[in-house]
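J.: requesting a structural model of the entry that follows:
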Amino acid sequence: MRELGLRRRHLWRLSIGLALVGTTSTLLTGAGQASATAALSTTRFTASDGTTYTATNHLLASAGGPGREWLLAWAGPADTTKPDFMAVIDATKGSKTYGQVVNTVTMGPGLANEPHHMQYVWHKGDRLYAGGLKADTTFVFDTSQLPKLRLAGVNVASDTPCGTMPDAYQVLRDGTAYGSFLGGGDVAGPCTYTNGQVRNGNGAAGSPGEIVRFDRNGKTLAEIPAATAKGEDPDLCGNVPELPEPTCANPHGIMVDERRNILVGSDFVEAKDFTSPEAPLREDLARPTVRVWDITNRSNPTLLSVSKVPDGPRAQLESDPIWYESRVLMEPALPNKPGHNGAFVSSMTGGAVFYTPDIKAPKPVWKEVIDDTTAYRKAGAEADVRGGGDNSSWLMVSPDDRYLFHTVMGVPKAYGQSLDKTTGMLYVLDIRKLLASGNSPKCSVDQLDEVFKGGHESDCPAVVGTQLIRDTTDGGPHWGSMDNFARHADGTYGETEKIKRIAVANYFIAGAFGGDGDHRICMFNLGNGGKVTLDRSFRDENTNKPCISFNRISWPHGDTGDARPHGVLFTVSDGVLK
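T.: Here you go, the predicted model:
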């Protein structure tokens, strides 16, 4: 069993290591011929390094005007000699072009940026922040003319010398945004942040990462240290090469609550070393920590706490510590209502969700509240499919604080699961009892039978909706977006707390093993009580099958072939959003 565990870990490392380490600056060539029916328009932005970036809309006549709801998908081509692009998909329920790609916004001049995440939720007037993971670049778009997009700014690697690998974004009410950079500075050694503090790092894609505050055009307002000044537990927080102040600071997901003046970040891995097949096999590069900042001073937040989630009862079944419930934290999620002061966090290789009732406590105390294995059982997956190594991903609390949404990619074949057994999944938890327990929740998944059946305590989350998403490419559903808009009788839209649709993209990281996915975007309806069903009317325009396939020959911008959608986001035309 130990041998299998090491093989599982090594292959997981290989899967993202080949994709994450390194950058690309190739000039745009061979972009293909744009569709004859597409209306072209280009905006340009000259970045601080002197490079002029472009964003070219290829808007089809079938787009039918601006008064609609749109699903944006940030995608990279399988053929990396072709341009990355933002796909604009008609997400207007009942529209004749529902599910069709009506515009592609191609980016230049750089190639192979590895399009990754955007912000989690979009509101009227927000700029769109979209990250290029490998290129260490953030693109900012003006969304006021949807379904067209305008390039408003570009933040390049030299604008954030203390951090690399931009991951997640959160837009504030004033239009500025925070971004998480999970990798270390551009070069190894000391780096000075905007507030004058200094941290030692071991280089790009290493440690420590940082938080960056951007203005509306993507300009860096502040680089904010994620690592503590005195260092962290050296047994828990390994670094390669070792640092004088050990740190687990590799923030991946971030959540902001302006009401409480907090930013919460979950630490992922030290990417260049944990994921490299040549690097030593070290469990201490897989992060189990959560960071909380007080953002009263928006450009100089104070780090309030660094806390660890616990190992869980499934650890006794796993052959390697990398599959313990606490390992590789990917996403935090925050409730929205006054009086709900806690936070959730999920683990990617650990396959579990944790909760703390008071995220602003000096030392937040986390308890496991659900193992993905429980949801697998509810969904009808094979009996030997469980949470360890299942690559759990997107996590989000509904605006009304009723549900917690979660996507799971599935256990790759090389982890010991055959593709006819392993499966991705979207599941929904009813979290009302847990939130209502205030500062004294009882729920704690700490016994082995609770891994499979859910927590014994009455306030534990209930699995109320599940949808298996099988992906025989050895990938699976990684990212999602909840539709936070509702259409009124007069054709206008407004934001809503009642979520009725969720979009999910089946792609993680290009290259190697266990993350490429089948490149589909699927739409799911959320019914009464949290029941999840596939929206079969959201059909591919070429195959007429449910879900939109990004494996196709032609796009509005030309015959550039298959593409890989990562971040997805619901938006609405400005003129009809009230």
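J.: who are the contact partners of residue 485?
T.: With contact taken as CB atoms under 8 Å, 6 or more residues apart in numbering, residue 485 is in contact with 69, 493-496, 570, 572, 577. Quick note: C-beta positions are derived from backbone N, CA and C, even for glycine.
J.: one more pass at 6 Å, please.
T.: By CB atoms under 6 Å, 6 or more residues apart in numbering, the contact set of residue 485 is 69, 493, 572.
J.: can you give me the helices in this structure?
T.: Per DSSP state H, the chain carries helices over the ranges 2-20, 271-274, 372-379, 432-436, 448-453.
J.: rank these by pLDDT, which is bottom?
T.: Least confidently modelled of the helices of the chain is helix 2-20, at a mean of 37 by mean pLDDT.
J.: surely residue 195 meets residue 300?
T.: Yes - between residue 195 and residue 300 there is a contact under CB atoms under 6 Å: 4.9 Å.
J.: and for the nearest residue to residue 498 once chain neighbours are set aside, the neighbour number?
T.: In space, and not counting its chain neighbours, residue 498 is closest to residue 400: 6.5 Å by CB to CB, 6 or more residues apart in numbering. Using other CB atoms under 10 Å, residue 400 is surrounded by 14 other residues.
J.: quick revisit: and the contacts of residue 485 as TSV, adding pLDDT?
T.: Formatted as TSV, those follow (pLDDT from 0 to 100):
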residue	pLDDT
69	97
493	97
572	97
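J.: can you lay out the residues you listed as JSON lines showing neighbour count and distance to residue 112?
T.: Rendered in JSON lines, the data for those read as follows (neighbours: other CB atoms under 10 Å; distance: CB to CB, whole Å):
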{"residue": "69", "neighbour count": "24", "distance to residue 112": "31"}
{"residue": "493", "neighbour count": "19", "distance to residue 112": "36"}
{"residue": "572", "neighbour count": "28", "distance to residue 112": "31"}
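J.: show me which of those residues is closest to residue 447.
T.: Ranked by distance to residue 447 (CB to CB), those are led by residue 69 at 44.8 Å.
J.: ok, the closest one to residue 319 distance?
T.: Relative to residue 319, residue 69 is positioned 47 Å away (CB to CB, to the nearest Å).
J.: give me the neighbour count for residue 244.
T.: 8.
J.: how much space between it and residue 200?
T.: To residue 200, residue 244 is 6 Å away according to CB to CB.
J.: ok, residue 448 next?
T.: Taken as CB to CB, the span from residue 448 to residue 200 is 42 Å.
J.: more neighbours: which of these two?
T.: Neighbour count, other CB under 10 Å: between residue 448 and residue 200, residue 200 has more, with 19 against 15.
J.: what's the more buried one in contact with, if anything?
T.: Listed by CB under 6 Å, 6+ apart, the contact set of residue 200 reads 190, 243-244.
J.: these in strands, which ones?
T.: residue 190 (DSSP state E).
J.: what about the strands in the stretch 201-350 of the chain?
T.: In the stretch 201-350 of the chain, the strands defined using DSSP state E, counting those that start in this stretch lie at 210-214, 220-225, 251-257, 262-267, 289-294, 302-308, 329-333, 343-347.
J.: typo on my end, it should be the stretch 1-150 of the chain
T.: For the stretch 1-150 of the chain, applying DSSP E, counting those that start in this stretch gives strands covering 38-46, 52-60, 69-77, 85-90, 101-108, 128-132, 137-142, 150-155.
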